[in-house]
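**Q** sequence and predicted structure below; questions after.
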Amino acid sequence: MASSAQLKDLESGDQDVDNYEMDGTVKPSEGLLAKPLQEDPPEKKAGRASFFFWIAVNTLATIAIVFTNKAIFEDPSFKKMQTSFASFHFACTTLTLYFASRPSIGMFTPRRAKFLDILPLSAAMCFNVVLPNLSLAYSSVTFYQIARILLTPLVASINFIFYRTSLPRAAVLTLIPVCLGVGIVSYYDTLPAGDKQAKTTSPIGVVFALSGVFASSLYTVWIGVYHKKLSMSSMQLLFNQAPWSSVLLWIFIPIVDTVPRFDIVPGSQWTMICMSGLFASLINLSQFFIVANAGPTSSTIVGHAKTCSIVMIGWITSRRSVSDRSLLGVIMAIGGIIYYSMIMARSGKKA
């Protein structure tokens, strides 16, 4: 059989159809030699290399920011500074997008939205960041990441209830083991571990995780609504949200945050905070290139790769044994969400 590349060449007229054998070989014609298969131009190779580079940056930065933030929240001085920390991240995002939108760089053209139009989305963005951060502070990394998988069934439910967006029956069925898997991890991860050094999840961590998933689901649905409402790209929308989200959190910092004594905070802690801001900027910057160049399938694969990596590293660093019963829940949740994505890809719908 002929390869797909060769068939495309035939359809585009790059090879003489009369000289093409069904076994994929090319025979010489009278007085003419068949054209050799052309290699990709250097520009295309460079674009492909750039795409994989930004995928690597996005994956590594996402993994790094989770474990960096976890290390920061292990310090009691910063565990109760969630709003300040989120406001700092929003400021880093705003600064990154500002430079990315400059004419000399030209990654996107900024557009302004009215304050009252963007206010609900900016408020939702605050909950979308603060609640998951609280979950990370009071949970193991494994549970934190597994709980985030619930975003998919919850977003699907919201879209069905409010927008009558349906899913294939097979896709709905795959979400059952996803929810059961998260439930199993939630139960066993909150039990006292035999090894006192093993990291577990507190009950309040579960509450923050589920609240964070609900807030993130609403935020995800609203993003789609605001894309259409304001006719903006993802970068344009984020550039309007981030600064107002940062400012909104300033109101709550004096009320809910416990400010540490900065004179006793070690220099390594400030280094990690700066690194966290850098990782946040890299995630937003690399996401632009991934969305612009990747299809839904590629983006989904990248997302699953990040989830599996964070869960695996989190499991190792938490010192949980392979015989731990929550491992069954991890396998069910990840396996279910991957199978769900495969079904949605085959059906031609967004996962």
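**A** Happy to help now that I have it. Residues are numbered from 1 along each chain as shown.
**Q** so which bits of the longest helix seen in the chain are buried?
**A** When the chain is scanned for its longest helix (criterion: DSSP state H), the result is helix 42-73. In terms of neighbour count (16 or more other C-beta atoms under 10 Å), helix 42-73 has its buried residues at 51, 54-55, 57-70, 72-73. Backbone N, C-alpha and C define where each C-beta goes, glycine included.
**Q** helices or strands up against it?
**A** Contacts defined by 3 or more C-beta pairs under 8 Å, 6 or more residues apart in numbering; DSSP states H and E place helix 42-73 against helix 115-137, helix 141-148, helix 267-293, helix 296-317.
**Q** quick check: the closest residue to Q145 other than its chain neighbours vs I146, distance?
**A** Leaving out its chain neighbours, the residue that sits closest to Q145 by C-beta to C-beta, 6 or more residues apart in numbering is I310, at 4.6 Å. According to C-beta to C-beta, to the nearest Å, I310 stands 9 Å off from I146.
**Q** more crowded one of these two?
**A** Comparing I310 with I146 by neighbour count (other C-beta atoms under 10 Å), the higher total belongs to I146, at 30 against 21.
**Q** isn't Y188 right up against V330?
**A** No. At 10.0 Å, Y188 does not count as touching V330 under the criterion of C-beta atoms under 8 Å.
**Q** neighbour count: these two, which is higher?
**A** V330 (27 against 20).
**Q** helices and strands around whichever strand or helix holds the more buried one, which ones?
**A** For V330, the element it lies in under DSSP states H and E is helix 326-347. Under the contact criterion of 3+ C-beta pairs under 8 Å, 6+ apart, the helices and strands touching helix 326-347 comprise helix 141-148, helix 169-189, helix 296-317.
**Q** what sits up against that helix?
**A** By C-beta atoms under 8 Å, 6 or more residues apart in numbering, the residues outside helix 326-347 that reach it are 142-143, 146, 149, 152, 167-168, 170-171, 174-178, 180-189, 296-297, 300, 304, 307-308, 311, 315, 320, 350-351.
**Q** now it, how far from the chain's geometric center?
**A** With C-alpha atoms, centre = their mean, to the nearest Å as the basis, helix 326-347 stands 16 Å off its chain's centre.
**Q** show me which residues of that helix are buried.
**A** Of the residues in helix 326-347, those scored as buried under the neighbour-count criterion (16+ other C-beta under 10 Å) are 326-327, 329-330, 332-334, 336-345.
**Q** same thing with stretch 118-132?
**A** By neighbour count with 16+ other C-beta under 10 Å, stretch 118-132 contains the buried residues 118, 121-132.
**Q** from the residues you listed, pick the one nearest S84.
**A** Within the buried residues of stretch 118-132, proximity to S84 (C-beta to C-beta) peaks at V130, which comes in at 10.3 Å.
**Q** confidence score at that closest one?
**A** V130 is assigned a predicted lDDT (pLDDT) of 93.
**Q** check contacts around it.
**A** Remark: with contacts taken as C-beta under 8 Å, 6+ apart, V130 is in contact with Q82, T83, A86, L249.
**Q** how many residues are close by the closest residue to the last one other than its chain neighbours?
**A** In space, and not counting its chain neighbours, L249 is closest to S87: 4.1 Å by C-beta to C-beta, 6+ apart. With neighbours defined by other C-beta under 10 Å, the count for S87 comes to 23.
**Q** then the host helix or strand of S87 to PDB, C-alphas only?
**A** Per DSSP H and E, S87 falls inside helix 82-100. Listed next in PDB are the C-alpha coordinates belonging to helix 82-100 (Å, rounded to 0.1, in the frame of the first residue of the first chain):
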ATOM      1  CA  GLN A  82      -2.900  32.900  49.700                       C
ATOM      2  CA  THR A  83      -4.500  36.100  48.400                       C
ATOM      3  CA  SER A  84      -1.100  38.000  48.400                       C
ATOM      4  CA  PHE A  85       0.500  35.100  46.600                       C
ATOM      5  CA  ALA A  86      -2.300  34.900  43.900                       C
ATOM      6  CA  SER A  87      -2.200  38.700  43.500                       C
ATOM      7  CA  PHE A  88       1.600  38.400  42.900                       C
ATOM      8  CA  HIS A  89       1.000  35.800  40.200                       C
ATOM      9  CA  PHE A  90      -1.600  38.000  38.500                       C
ATOM     10  CA  ALA A  91       0.800  40.900  38.500                       C
ATOM     11  CA  CYS A  92       3.500  38.600  36.900                       C
ATOM     12  CA  THR A  93       0.900  37.500  34.300                       C
ATOM     13  CA  THR A  94      -0.100  41.100  33.500                       C
ATOM     14  CA  LEU A  95       3.600  42.200  33.100                       C
ATOM     15  CA  THR A  96       4.300  39.200  30.800                       C
ATOM     16  CA  LEU A  97       1.300  39.900  28.600                       C
ATOM     17  CA  TYR A  98       2.100  43.600  28.500                       C
ATOM     18  CA  PHE A  99       5.500  43.000  27.000                       C
ATOM     19  CA  ALA A 100       4.100  40.200  24.700                       C
END
